[in-house]
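[1] after the sequence you'll find the predicted model.
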Amino acid sequence: MTQWWMRMARYARPHQPEVASVLLLTLALVVFDTLKPWPMKLIIDNVLTNRSLPSVAAWMTSLPGGDSSHGTLTWLVAGTVFLFIAGWLSRMARSYVQAGLGTRMSYGLGADVFDHLQRLSLLFHGRQPTGDLVQRVTSDCTCVRELVADVALPLVTSVASLVAMFVLLWRLDSVVAAAAMLVAPCMGIVIMIRGREMADRTFEQATLEGRVMGMAEGTLAALPVVQAFGREPQEDGRFRALTEDAGRAYLRKIVAQLKFNVSTTTITACGTAGAMALCGIHARQGTLTVGGLVVVLSYVASLYAPIESLAWLSSGFASSGGRARRVLEVLDQNRELNARPNARPLPHRRGASGHVQVEHVTFGYDPGSPVLRDVTLEARPGEVVALVGPSGAGKSTLASLLMRFFDPQEGRILLDGIDLRDLQLASLRSQVAIVLQDPLLLPLTVAENIAYGKPTASRHLVVEAARAAQADRFISALPQGYDTLVGERGATLSGGERQRIAIARALLKDAPVLILDEPGSALDTETESQMMKALERLIEGRTTFVIAHRISMIRRATRIAVLEHGVIQQIGSHAELIAMGGKYEAFYTMAASAKPASSPSGRNLAGPAD
């Protein structure tokens, strides 16, 4: 973190023309501001006293009417107007270019943080509130804009102005110039004392704002549960408590800034008073003209403005630094799923690929607490392997390992004889399709959701996949058909409709390995029968893993693995396990007490009846 600003500054490299424009406009603004007092000095010392203009301004006599006092006065007034307008235009142009530069830099940083977040493991995301991560992507990434607008440009402007003002002030009255600069060491002491406090208060406020956003996002995502249990008052109380904490943190930041402001203002006020006293003494002694007095006092005031700006840089630096700490916490988070140095792609070869081997796999989300223990399993192309067992047995965890959302802590998983860690991650996941119990749809059109795993697919292929998934009829009845925008998480569709869109998505992806994670457990019998017909088309020729509780989904699987406490207790076909007795027989007896769901074709999912 000690050099966080260097890491942020690299986002200015792609925008060098804008940076150069801002710097040139800044220097032009310094020149115009430096020249502003001089027309008044010439009017007081030369025009009003009928004295000749100094050699540096003698060229004005060659202007039309410049050889008379009235003409010179007119040109000096016009010059004052010109300097103010030119300075105003330079400031406006710089603000415009600076705003665009800062915004593009913030978006560039936000895009990098968003990309990095997408590639971090689910273990990381499971520990972080989604709302807080959104805060880091959207709000905290403005730190790079603050670094430009509140630190870098004020630094350049202040240094250039300070040098120009001090040089001119020294030429006018070196004693006043030296006395005026005595405030600089005092400013340095204030920065050292107050700067760290402002940085800590800014970081604290940003952290609490992230918690507020995380709590709001989590509650709104679970709103049906909140309303069903009447917990609105309690959630409102939690939200209010968090916002009050964030509000107090904001006030603590403001108090820290006010302490800094009072300190710097007191120092500059004392310096200004001392400079005014010296100017008065020198004017009475005759070593400083009245016009010179006006210019000197103007430069003293202008001298303290950049000094105050330099002192306030610590505030801007603290604000952007506090947000940058939160951004860099994400960017510095190591990706837990790294391919090995010589990782290679796996060609898509339907019919010849999809052989999965799980060899002595042990895995746990927390060290020392394994969810899976020494699991060994095999599935060949065209086979259906069902995973059954009580909740928490490790079924979905095993599916997550197959997708390489996590890596085994012991053992390995092979695809076509290659360790998953030796494959490029994108290549591996292109070979696996998944249909979940609660299918996740994005707020895109229906066609875009179906083509999500294969975005280059034509509309014809999208429609064919929807027909195969028994989804074309209800999609065509939607207001805009395939171009209908799906609500958040598919909220505008029924559970069965979402499920069939997910099946169409998997069909279009045409991956050799398929994972079905309880795809029909929440559906009624009629809706499930429609889904089952679509699933029959989906599993043909693929290596399929089925996680389900309904017997209709698993009884004709090629093999059934019974998991309990992360260990495979039994494995075999339905008939073999029934003959063997034990846990599967008990599971089957309990499940068979409910009416099994059959596919419209009158046969079960994985094949013909006994």
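    Alright, I've got the coordinates. Numbering: from 1, shown residues only.
[2] use CA for all of it now, contacts and neighbours both
    Fine.
[3] can you list the residues that contact stretch 473-486?
    The contact list for stretch 473-486, computed with C-alpha atoms under 8 Å, 6 or more residues apart in numbering, reads 441-447, 467, 492-493, 497.
[4] what's the PyMOL syntax to select whichever of the residues you listed are buried?
    Per 16 or more other C-alpha atoms under 10 Å, the buried members of the contacts of stretch 473-486 correspond to this PyMOL selection:
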select buried, resi 441+442+444+445+446+447+467+493+497
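[5] just the ones of the contacts of stretch 473-486 in helices?
    Among the contacts of stretch 473-486, the residues falling in helices (DSSP state H) are 446-447, 467, 497.
[6] still on that earlier bit, for the contacts of stretch 473-486, which one is nearest Leu401?
    Proximity of the contacts of stretch 473-486 to Leu401 was ranked by C-alpha to C-alpha; the top entry is Leu441 with 22.1 Å.
[7] what ranges do the strands span in the stretch 251-400 of the chain?
    With DSSP state E, counting those that start in this stretch as the criterion, the stretch 251-400 of the chain has strands at 356-363, 372-379, 384-388.
[8] pick the most buried one from the ones you listed.
    strand 384-388 (a mean of 27; mean count of other C-alpha atoms under 10 Å).
[9] of all the strands of the stretch 251-400 of the chain, which lies closest to Pro455?
    Closest approach to Pro455 among those (C-alpha to C-alpha): strand 356-363, 26.4 Å.
[10] let me see the mean pLDDT of that closest one.
    For strand 356-363, the mean pLDDT works out to 92.
[11] for that strand, which outside residues touch it?
    Counting by C-alpha under 8 Å, 6+ apart, 370-380, 407-417, 543 sit against strand 356-363.
[12] chain center to it: distance?
    Between the centre of strand 356-363 and the centre of its chain there are 35 Å (C-alpha atoms, centre = their mean, to the nearest Å).
[13] stretch 199-219 now?
    Taking C-alpha atoms, centre = their mean, one finds the center of stretch 199-219 at 14 Å from the center of the full chain.
[14] quick check: buried residues in that stretch?
    Buried residues in stretch 199-219, counted by 16+ other C-alpha under 10 Å: 199-217, 219.
[15] show me where the protein has strands.
    356-363, 372-379, 384-388, 410-415, 418-419, 432-436, 513-517, 543-547, 559-564, 567-572 (DSSP state E).
[16] tabulate the ones in helices among the contacts of stretch 473-486 (CSV), appending pLDDT and distance to Ala575.
    As requested, these are exported to CSV (pLDDT from 0 to 100; distance: C-alpha to C-alpha, whole Å):
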residue, pLDDT, distance to Ala575
Val446, 90, 41
Ala447, 92, 42
Arg467, 86, 34
Glu497, 84, 34
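[17] is it true that Leu83 touches Pro37?
    No: the pair Leu83 / Pro37 is not scored as a contact, 9.9 Å apart, by C-alpha atoms under 8 Å.
[18] returning to that earlier point: out of the buried residues of stretch 199-219, which sit inside helices?
    Short answer: these in helices (DSSP H) are 199-217, 219.
[19] not counting its neighbours along the chain, what's nearest Glu217?
    Gly131 (5.4 Å; C-alpha to C-alpha, 6 or more residues apart in numbering).
[20] gap between that neighbour and Gly188?
    Per C-alpha to C-alpha, to the nearest Å, Gly131 is found 39 Å from Gly188.
[21] settle it for me: which of these two has more neighbours?
    Neighbours per residue (other C-alpha atoms under 10 Å) separate Gly131 from Gly188, with Gly131 holding more: 19 against 13.
[22] Asn342 and Glu359, how far apart?
    From Asn342 to Glu359 the distance is 22 Å (C-alpha to C-alpha).
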